[in-house]
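Trainee: would you be able to build a 3D model of this:
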Amino acid sequence: MMRLFVACAALLMIGAAAADEPVLMSAVWGVEACTAWNDDPVLTTELVGSGWIKNDKARGFKVMQVYRNDCGDKPTVELRIALQDGKAQCVYGGAVETAELDKGADYVMNASTDRWQEMGAGEYGPMKAMMFGRLKFSGPYGEAMGNMGPFTNFLLLVGKVPASVEACP
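Mentor: Next up, the predicted model:
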């Protein structure tokens, strides 16, 4: 009887922890992804050294919008990245706010939930994901190709930020 009680209690605790996790690619998840971006030295420094962050079309920031394509056909999260204190810092993460993106500076990426999870776990990187159509991408292609290392770290954020995939954002 005691074992059954302990097992049930453990399942309840796991369920409660999962319930506290934001839905993957929801606005709340975007806030946490922004924090994770700022904690990643590859994203914050290498995107400065490569010049990626400077291509902001004089707005002072770049926009990255993402979504799970099995949950709809529109971006659900937006990250804004700006040069601050010599680093490529995420200055906004949350619900999509930018209605018109500049295709010469901004990015939109989508994949199915299971593909996001695979990329977030490091099973493969952006090159394989794009070559096999697992990750759909729009934005400055040449710029992205020149930043595959940092782009890999961006995809790994999906695995670093705890999230639930039981519902759509």
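
Trainee: ranges for the strands of the protein?
Mentor: Using DSSP state E, the strands of the chain run over 62-68, 77-84, 87-94, 107-111, 136-138.

Trainee: so what secondary structure elements neighbour the shortest one?
Mentor: For strand 136-138, the elements it packs on are strand 107-111, judged by 3 or more C-beta pairs under 8 Å, 6 or more residues apart in numbering; DSSP states H and E. Every residue, glycine included, has its C-beta placed from N, CA and C.

Trainee: and the strands of the chain, which is most packed in?
Mentor: When you average the neighbours per residue for each of the strands of the chain (mean count of other C-beta atoms under 10 Å), strand 62-68 leads with a mean of 24.

Trainee: how about that one as PDB, C-alpha atoms only?
Mentor: Provided in PDB are the C-alpha atoms of strand 62-68 (Å, rounded to 0.1, in the frame of the first residue of the first chain):
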ATOM      1  CA  LYS A  62      16.600  42.100 -35.600                       C
ATOM      2  CA  VAL A  63      13.400  40.000 -35.400                       C
ATOM      3  CA  MET A  64      13.100  36.300 -35.200                       C
ATOM      4  CA  GLN A  65       9.700  34.700 -35.300                       C
ATOM      5  CA  VAL A  66       9.100  31.000 -34.700                       C
ATOM      6  CA  TYR A  67       6.200  28.500 -34.600                       C
ATOM      7  CA  ARG A  68       5.200  24.900 -34.500                       C
END
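
Trainee: quick one: the helices in this structure, in order.
Mentor: Secondary structure of the chain, counting by DSSP state H: helices at 2-20, 27-38, 41, 47-49, 113-120, 126-131, 141-145, 148-160.

Trainee: nearest to Glu166, of those helices?
Mentor: When these are compared for distance to Glu166 using C-beta to C-beta, the nearest one is helix 2-20, at 7.7 Å.

Trainee: how many neighbours does Val161 have?
Mentor: By other C-beta atoms under 10 Å, 22 other residues sit near Val161.

Trainee: tabulate the strands of the chain (TSV), appending distance to Val158.
Mentor: Below are those laid out as TSV (distance: least, C-beta to C-beta, whole Å):
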stretch	distance to Val158
strand 62-68	9
strand 77-84	11
strand 87-94	13
strand 107-111	9
strand 136-138	15
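
Trainee: as CSV, these with distance to Glu118 and mean pLDDT would be great.
Mentor: Output for the strands of the chain, formatted as CSV (distance: least, C-beta to C-beta, whole Å; pLDDT from 0 to 100):
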stretch, distance to Glu118, mean pLDDT
strand 62-68, 13, 98
strand 77-84, 18, 98
strand 87-94, 22, 98
strand 107-111, 9, 98
strand 136-138, 15, 95
